[in-house]
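In: sequence plus the predicted model coming up.
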Amino acid sequence: MLSQKKIIEDGDRVVIYAGKDKMQVVTIDAKSGEYCSKFGNYKHKNLIGKEIGTKIQSDNNNGFVHVLSLTSELWSIALDHRTQILFNLDISTIIFNLELKNGSKVVESGTGSGSLSSSIARTIAPNGHLYTFEFHEERAEAARKDFRDNRIDKHITVTHRDACKQGFRLDHIEGMVGSIDAVFLDLPSPWEAIDHAIAVMHEGAMLCSFSPCIEQVQNTCLKLAASQFQEITTIEVLIRTFDTRLQEFEELNLSNPYTSTTTTTPPTTETNTTTSTSEPKAKKKWNQNKRETFEIGGIQGLKKDSLLSKPISEARGHTGYLTFARWVPEN
């Protein structure tokens, strides 16, 4: 996941892409591996040596797929959902606002399905480290296996623990206390873990809390303010989709009875090189300048087309709020 190859080799972890909603992560096994779907059968040994991203025909010529490198973005889409996960839009916002970079030391609670964990590991590698805590033992073990299979386990330490009660200190990790650059909380009661986060953070470190309810955000912000956090900001990341299409419309040349009855010249057909003095120049950027005259009952008119956009009313919403704050204790 951290290093991208150009050629498929035995033992590689890749993504079989058969469509936007049809992706599967597989480990190439030259001896007995085979991928079977409605798009055909693919023996792993026939994939070895092929270039990543190319179109690959099935062994029985029933279809084709693309074999892609396993990235954090594709992992978030194709992983097994053991819990609700954060997707790439939220993940990018979190990584940017937590100011993560190569060498950063990060604490995360809880691990869940490991979507955010994988992206953090890629960002802070090769010199940084992620300490992630999960209170559910089976999920913690499944996350360890995923990180090991994706070859990022050396950058992640998974701990089975209730962080709200037991905190984040790991006594067997030398120099962890007071060196954490960022803390991420995805908990039912994140305010209960803030004091534990302070115990391992250095001055100026960032904290982020993800909560689906505004009441959780309010309690968290009150606790942050009382714990000498500054720059407290809550945001909601939303996607608003617009429908843009070329719309044709007709415009009749009707005279106004309350104005002078001066004879007007009927509109004429214009070409793409004609410039209308009655329209602002900015409008020309969007319309196609396609114009055609017509007549209804002796009244002259002009047909035009233009690009129009409107928001889609039934767009998918978001389920949570991101609260960011910086710990700046008073001396």
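Out: That came through, no problem. Residues are numbered from 1 along each chain as shown.
In: which parts of stretch 170-183 are buried?
Out: With burial defined by 16 or more other Cβ atoms under 10 Å, the residues of stretch 170-183 counted as buried are 170, 176, 180-183. Bear in mind the C-beta positions are built from the backbone N, C-alpha and C, glycine included.
In: confidence-wise, which helix or strand of this structure is lowest on average?
Out: Among the helices and strands of the chain, helix 281-284 carries the lowest confidence by mean pLDDT, DSSP states H and E, at a mean of 43.
In: mind checking what helix or strand follows that helix in sequence?
Out: Of the helices and strands lying after helix 281-284 in sequence (DSSP states H and E), the nearest is strand 292-296.
In: name every strand pairing with that next one and say which way it goes.
Out: Applying DSSP bridges, strand 292-296 is found paired with strand 299-311 (antiparallel).
In: model confidence over the helix or strand following the strand it pairs with, on average?
Out: Using DSSP H and E, the next helix or strand after strand 299-311 towards the C-terminus is strand 321-327. Mean pLDDT, computed over strand 321-327, is 97.
In: okay, domains of the chain per the record?
Out: Following automatic domain parsing, one finds the domains of the chain at 13-70, 74-238+319-327, 242-311.
In: and the shortest one, what's its mean pLDDT?
Out: By that I understand domain 13-70. Domain 13-70 shows a mean pLDDT of 90.
In: ok, so of the buried residues of stretch 170-183, who is nearest I312?
Out: Checking those against I312 with Cβ to Cβ, the nearest one is A182 at 35.2 Å.
In: now do the contacts for that closest one.
Out: Going by Cβ atoms under 8 Å, 6 or more residues apart in numbering, A182 touches 98-100, 104-107, 205-208.
In: now the helices for the protein?
Out: Ranges of helices in the chain, per DSSP state H, are 44-47, 72-78, 88-97, 115-124, 137-149, 163-166, 194-198, 214-226, 281-284.
In: need the residue closest to the centroid of the protein.
Out: Computing the C-alpha centroid of the chain and ranking residues by Cα atoms, centre = their mean puts N88 first, at 1.9 Å.
In: which non-adjacent residue is nearest that one?
Out: Of all residues not flanking N88 in the chain, E73 sits nearest, at 5.3 Å (Cβ to Cβ, 6 or more residues apart in numbering).
In: got the confidence number for that neighbour?
Out: So E73 comes in at 90 (pLDDT).
In: any idea how far it is from S118?
Out: Applying Cβ to Cβ, to the nearest Å, the value for E73 to S118 is 9 Å.
In: repeat for E51
Out: Using Cβ to Cβ, E51 is found at 24 Å from S118.
In: neighbour-wise, which of the two wins?
Out: S118 (28 against 11; other Cβ atoms under 10 Å).
In: list the contacts for the closest residue in space to that one that isn't next to it in sequence?
Out: What sits nearest to S118 in space, not counting adjacent residues and going by Cβ to Cβ, 6+ apart, is S72, at 4.7 Å. S72 makes contact with 1, 91, 118-119, 122 under the criterion Cβ under 8 Å, 6+ apart.
In: show the buried residues in these.
Out: For these, a burial check counting by 16+ other Cβ under 10 Å picks out 1, 91, 118-119, 122.
In: from those, which is closest to K310?
Out: Closest approach between the buried ones among the contacts of S72 and K310, by Cβ to Cβ: I91, at 29.4 Å.
In: what about that closest one, distance to S37?
Out: I91 is 28 Å from S37, where distance means Cβ to Cβ.
In: do M23 as well
Out: Counting by Cβ to Cβ - M23 and S37 are separated by 11 Å.
In: I16 too?
Out: Counting by Cβ to Cβ, the separation of I16 from S37 is 8 Å.
In: now do the shared contacts for the two.
Out: Counting by Cβ under 8 Å, 6+ apart, the contacts common to I16 and S37 are V65.
In: which of those two has more residues huddled nearby?
Out: Set I16 next to S37 and count neighbours by other Cβ under 10 Å: I16 wins out with 20 against 15.
In: got the buried ones among the contacts of S72 as JSON lines, with distance to A30 and pLDDT columns?
Out: Below are the buried ones among the contacts of S72 laid out as JSON lines (distance: Cβ to Cβ, whole Å; pLDDT from 0 to 100):
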{"residue": "M1", "distance to A30": "21", "pLDDT": "75"}
{"residue": "I91", "distance to A30": "33", "pLDDT": "93"}
{"residue": "S118", "distance to A30": "26", "pLDDT": "95"}
{"residue": "S119", "distance to A30": "30", "pLDDT": "95"}
{"residue": "R122", "distance to A30": "27", "pLDDT": "95"}
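In: TSV for those residues, including distance to G297?
Out: Listed next are the buried ones among the contacts of S72 as TSV, based on distance: Cβ to Cβ, whole Å:
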residue	distance to G297
M1	69
I91	61
S118	68
S119	65
R122	68
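In: between which two of those is the distance greatest?
Out: Among the buried ones among the contacts of S72, M1 and I91 lie farthest apart (Cβ to Cβ), at 14.2 Å.
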